[in-house]
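Peer 1: Return atomic coordinates for the entry below.
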Amino acid sequence: MAGTRFAYVRKFELPDPLLPGTFILLRLDGHSFHRFSDTHGFSKPNDSRALELMDHAARSLMEEYSDIVLGFGESDEYSFLLRKTATLYNRRRSKITSTLCSLFTALYVMHWPAYFPDVPLRYAPSFDARIVLYPSVREIRDYFSWRQADTHINNLYNTAFWALVQQGGKTTKEAHETLRGTVSSQKHEILFSQFGINYNALPSQFRKGSVLVWEKTSIPYNPSNCSASQVLDGENETDANDQEGQEKGASTRITLLHCDIIGDEFWNRRPYILKG
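Peer 2: Take a look at the predicted model:
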């Protein structure tokens, strides 16, 4: 269009640079995924296949964009942290948001058959995306604490709700009424006393969400040997700092964890995440 009398229309495009020197937080969220999960028969309260598919798409996105230093996922949502010094697409908000969101969606669709081989997609899933800028480490720590706390609150409610429906024979309306106004300890008691479920013994994948982080490993990285659904429990985390300067051949790879990120330990062992 350059060089023609029509080129003036470009003047209507407004610049949208993100403030420099700030952490970029991109959050993707499934659009109308209640309907999507019902249509495709997701297991309730948690479907491991769906969660692992989200992890796979998120891992692939991080492999494509090394400016993403951390990912956290729960249910149909994923948050990605880009370093303060990131210059991706000249820090253009619309470019980063649209490109990363569209790639994540495409990856989700592309890998669907691997996790749902007997469930064809009945319609196209979609995700919305937003970017929030945070000025300091404190806000970043609080943001991820908020998301993990939300994971716990939602999962505890959903676990109790579906136990009442699937095992207790209640209607969905009755289950909601039973749980109305209850606190965490009461939901724990309902699960244990009525259904013999020790909530704290449930998989940490459901209770704590998924954490994707770049870490050094002494094992040379080979994509063919790296399962996207690989799970490392928080108790078995590898301390990336201890690996600095180890064997030549050490490489950096994305590790999937289901661990606490509200306390200090996760962050103290990985100070590189929050460096500029």
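
Peer 1: Which helix or which strand is home to the spatially most central residue of the chain?
Peer 2: With distances taken as CA atoms, centre = their mean, G73 lies nearest the centre of the chain, 1.7 Å away. G73 belongs to strand 68-74 when assigned by DSSP states H and E.

Peer 1: tell me the SS of the closest residue to K44 other than its chain neighbours?
Peer 2: Nearest residue to K44 in three dimensions, chain neighbours excluded: W162, at 4.7 Å (CB to CB, 6 or more residues apart in numbering). To be clear about C-beta, it is placed using only N, CA and C from the backbone, and glycine gets the same treatment. Three-state call for W162 (DSSP: H, G, I helix; E, B strand; the rest coil): helix.

Peer 1: residues contacting W162?
Peer 2: W162 sits next to K44, P45, A175 when contact means CB atoms under 8 Å, 6 or more residues apart in numbering.

Peer 1: Turn those residues into a markdown table, columns for neighbour count.
Peer 2: Output for those, formatted as a markdown table (neighbours: other CB atoms under 10 Å):
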| residue | neighbour count |
| --- | --- |
| K44 | 14 |
| P45 | 20 |
| A175 | 19 |
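
Peer 1: so where's the stretch 151-276 of the chain uncertain?
Peer 2: Counting by pLDDT under 70, the ranges of the stretch 151-276 of the chain that qualify are 218-250.

Peer 1: Going along the chain, name the strands of it.
Peer 2: Counting by DSSP state E, counting those that start in this stretch, the stretch 151-276 of the chain has strands at residues 210-217, 232-233, 251-258.

Peer 1: Check these for me and report the most buried one.
Peer 2: With neighbours defined as mean count of other CB atoms under 10 Å, the strands of the stretch 151-276 of the chain peak in mean count at strand 210-217, which reaches a mean of 20.

Peer 1: and the residue nearest to K44, how far is that from T87?
Peer 2: Separation of W162 from T87 (CB to CB, to the nearest Å): 45 Å.

Peer 1: S43 now?
Peer 2: 42 Å.

Peer 1: Same question for F104.
Peer 2: With the distance defined as CB to CB, F104 ends up 21 Å from T87.

Peer 1: What of I197?
Peer 2: Shown here: I197 relative to T87, a distance of 49 Å by CB to CB.

Peer 1: same question, P120
Peer 2: P120 sits at a distance of 41 Å from T87 (criterion: CB to CB).

Peer 1: picking that back up, the more surrounded of I197 and T87?
Peer 2: A count of neighbours by other CB atoms under 10 Å puts I197 above the other of I197 and T87, at 17 against 10.

Peer 1: Can you tell me the number of residues neighbouring the residue nearest to the more buried one when sequence neighbours are not counted?
Peer 2: Distances taken as CB to CB, 6+ apart put L191 closest to I197, at 4.1 Å, once the chain neighbours are dropped. Neighbourhood size, L191 [other CB under 10 Å]: 20.

Peer 1: ok, now which ones touch L191?
Peer 2: Per CB under 8 Å, 6+ apart, neighbours of L191: T159, A160, A163, I197, N198, Y199.
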